[in-house]
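Undergrad: Sequence first, then the predicted structure:
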Amino acid sequence: MNDLLANLRPAAEEMKDGAFLLANFADTDKILQELPRLLEASPLRHMTTPGGRQMRVAMTNCGQYGWVSAPSGYRYDSTDPTTGNPWPDMPEPFMALAKNAAAAAGYDGFAPDVCLINRYGVGTRLSPHIDQDEAEKSWPIVSVSIGIPAIFQLFGSARGGTATNIPLYDGDVMVLGGRARMYYHGVKPVTAARDARIGALRYNLTFRRAR
Ligand code: MD3
Ligand code: FE
């Protein structure tokens, strides 16, 4: 886009059916300052799916609840099963970012009780799925990308069909609401790149209202 017009670009661009992109919305330096102590309290781990497979994305959580995948199924739990402790509190800057992003896409009053932290290495992908473990699906999910880029794929209500491919760069925030909230989505295998701060890694934070 022409630089002279850049400040006319809306803060939130609707990509498809209630999926909004807020390009370069997040201060990821600030997020990366908070991460080490969160990961120390509740380390990243490769969860097992109900089908018995290990997820290639490493995950942990902060907030009142955390999303857990186990052989027994998916759930939100106030206890980290790895440590036996509550998940670490959601840092105030995380909460503020999630609220501001939701509001910029038209969702006032969003108060996430979960921050799922996903870590991708080069080659890591996330298979198409629907996020349906939350009690109230009318709240959006807010996603924050950190580090090396990835291509996010947004399908429709069915698993197949053509995807809308959305490259996500460091600082990009997506707000998933409306019909897109229940759409299949995934992440293509992450291609080789380096971030000056964290190397060949991508983190994604998803802020959710579980209960
Ligand atoms: C579209 N994470 O954690 S974030 C997930 O990049 C997840 O780590 C991906 O899918 C990642 O469940 C994608 C963007 C996102 C998050 C939630 C959605 C897109 C969504 C929920 C409904 C539709
Ligand atoms: Fe998802």
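TA: Arrived safely, thanks for sending. Note that the structure is predicted; figures quoted are calculated from it, not measured. Numbering: from 1, shown residues only. Ligands and ions are numbered 1, 2, ... in the order given.
Undergrad: how about the helices in this protein?
TA: For the chain, the helices defined by DSSP state H occupy 28-41, 92-104.
Undergrad: Excluding chain neighbours, give the residue nearest to residue 161 in space.
TA: residue 155 (5.7 Å; C-beta to C-beta, 6 or more residues apart in numbering). Where you see a C-beta, it was placed from the backbone N, CA and C, and this is true even at glycine.
Undergrad: ok, that neighbour touching residue 129?
TA: No - Residue 155 is beyond contact range of residue 129, at 10.0 Å (criterion: C-beta atoms under 8 Å).
Undergrad: Can you pull the residues of this structure lying near ligand 1?
TA: 116, 118, 126, 131, 141, 143, 152, 174, 176, 180-181, 183, 185, 187, 204, 206 (C-beta under 6 Å from any ligand atom).
Undergrad: please redo it, this time with the cut-off set to 8 Å
TA: Counting by C-beta under 8 Å from any ligand atom, the positions of the chain adjacent to ligand 1 are 19, 57, 67, 116, 118, 120, 126, 129-131, 141, 143, 145, 150, 152, 154, 168, 174, 176, 180-187, 202, 204, 206.
Undergrad: which of the residues you listed count as buried?
TA: 19, 57, 67, 116, 118, 120, 126, 131, 141, 143, 145, 150, 152, 154, 168, 174, 176, 180-181, 183-187, 202, 204, 206 (16 or more other C-beta atoms under 10 Å).
Undergrad: just to revisit the earlier point, residue 198: which of the helices of the chain is closest?
TA: helix 28-41 (6.8 Å; C-beta to C-beta).
Undergrad: need the strands for this protein, in chain order.
TA: 13-16, 19-22, 58-62, 66-70, 73-77, 114-121, 126-129, 141-147, 150-154, 164-168, 173-176, 185-187, 201-208 (DSSP state E).
Undergrad: I'd like those strands as TSV, with mean pLDDT appended.
TA: Listed next are these as TSV, based on pLDDT from 0 to 100:
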stretch	mean pLDDT
strand 13-16	98
strand 19-22	98
strand 58-62	99
strand 66-70	98
strand 73-77	98
strand 114-121	99
strand 126-129	97
strand 141-147	98
strand 150-154	98
strand 164-168	98
strand 173-176	98
strand 185-187	98
strand 201-208	99
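Undergrad: Of all the ones you listed, which one is nearest residue 108?
TA: Nearest of the strands of the chain (C-beta to C-beta): strand 173-176, 12.2 Å.
Undergrad: Kindly spell out which helices and strands sit in contact with the closest one.
TA: strand 19-22, helix 92-104, strand 141-147 (3 or more C-beta pairs under 8 Å, 6 or more residues apart in numbering; DSSP states H and E).
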